[in-house]
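sequence and predicted structure below; questions after.
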Amino acid sequence: MATMAERSGLAAIQMVSGDDVANNLDSAGALVDRAAAANAGLVVLPENFGFLGRRERDKLAVAEDDGDGPMQAFLADAARRHGIHLVGGTVPLRGEDPNRVRAACLVYGPDGARVARYDKMHLFDVRLEDGQAYRESASLEPGEGLACFDCPLGRVGLSICYDLRFPELYRALVDRGAEILVVPSAFTATTGAAHWEILVRARAVENLCYVVASDQGGEHPTGRHTHGESMVVDPWGRVLARRSLGPGVVQATMEREVLADLRQRFPALEHRRTLA
């Protein structure tokens, strides 16, 4: 098995999760195995990888206490078994409000220990033109802070799905040293078709970062439709790899020298001016 220092791959895992946690974890495990076997050192699972129910509040029934539960155990074991950094999309964790949970993006390192946690900050409360309405705030508590972690591939900044529409979050992550941005998501088919690729590539270009965007993609057992198009994008906005629909692994090589050279030759981050 390659050591973490030898692994240069960035992997976005695409899933079509349902409301059976055990089945979802089996599917996720097989995809993580594939990514690790192909030399991935940083593997990103999508939002709701372990559970995607028919209704937003269904996640309360499978919520876990921080530090204990099958989804967290799965992440720790998979990261340790493969010697990788594994970004666990989101796990519903109990918080202070008994009627809501936190959508927590949990990261585990090669020894199986948790190295970072980010709770989804921006909640998807919208009404679309086709009549669909979403109100995540009815079942989720918003997070308050940012999170980054270091791995041999670089410094990684965490975000989740709807965060993608708030560029100031990503600038704050870059100010904290981020070179890779991860975006585990479950974009709707409607909003994804309109904006997903534009937003993912824009976050890469404006921040001169690699972006690993891992989406749910397809028709779910619960009847929901998600956009897919998981991708890895380089700091110049080039899509290095993508997958349209269905479960799979999207993988590309991280080249830190490319990022360093581009940031030196095209120092847009240094040219920023603070506006009153």
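Arrived safely, thanks for sending. For clarity, every value in this text was computed on a predicted model and none was experimentally measured.

okay, now residue 105: neighbour count?
28 (other CB atoms under 10 Å). Using the backbone N, CA and C atoms, a C-beta is placed for each residue, glycine as well.

which residues in the stretch 1-150 of the chain form helices?
21-37, 70-82 (DSSP state H, counting those that start in this stretch).

return the strand ranked longest in the chain as CSV; C-alpha atoms alone will do.
For the chain, the strand that runs over the most residues, judged by DSSP state E, is strand 101-108. Output of strand 101-108 as CSV, limited to C-alpha atoms (Å, rounded to 0.1, in the frame of the first residue of the first chain):
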residue,chain,number,x,y,z
VAL,A,101,-29.1,18.5,14.2
ARG,A,102,-25.7,19.8,12.8
ALA,A,103,-24.7,18.9,9.3
ALA,A,104,-21.1,18.1,10.2
CYS,A,105,-18.3,17.6,7.7
LEU,A,106,-15.9,15.4,9.6
VAL,A,107,-12.3,14.6,8.4
TYR,A,108,-10.3,11.6,9.5
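
report the angle between it and helix 70-82.
Per axes from the mean of the first three to the mean of the last three CA atoms, to 10 degrees, the angle that strand 101-108 makes with helix 70-82 is 10 degrees.

now strand 101-108, how far from the chain's geometric center?
10 Å (CA atoms, centre = their mean, to the nearest Å).

which strands and helices sit next to it?
Here strand 101-108 touches helix 70-82, strand 85-88, strand 91-94, strand 114-119, strand 154-158, going by 3 or more CB pairs under 8 Å, 6 or more residues apart in numbering; DSSP states H and E.

out of these, deepest packed?
strand 85-88 (a mean of 29; mean count of other CB atoms under 10 Å).
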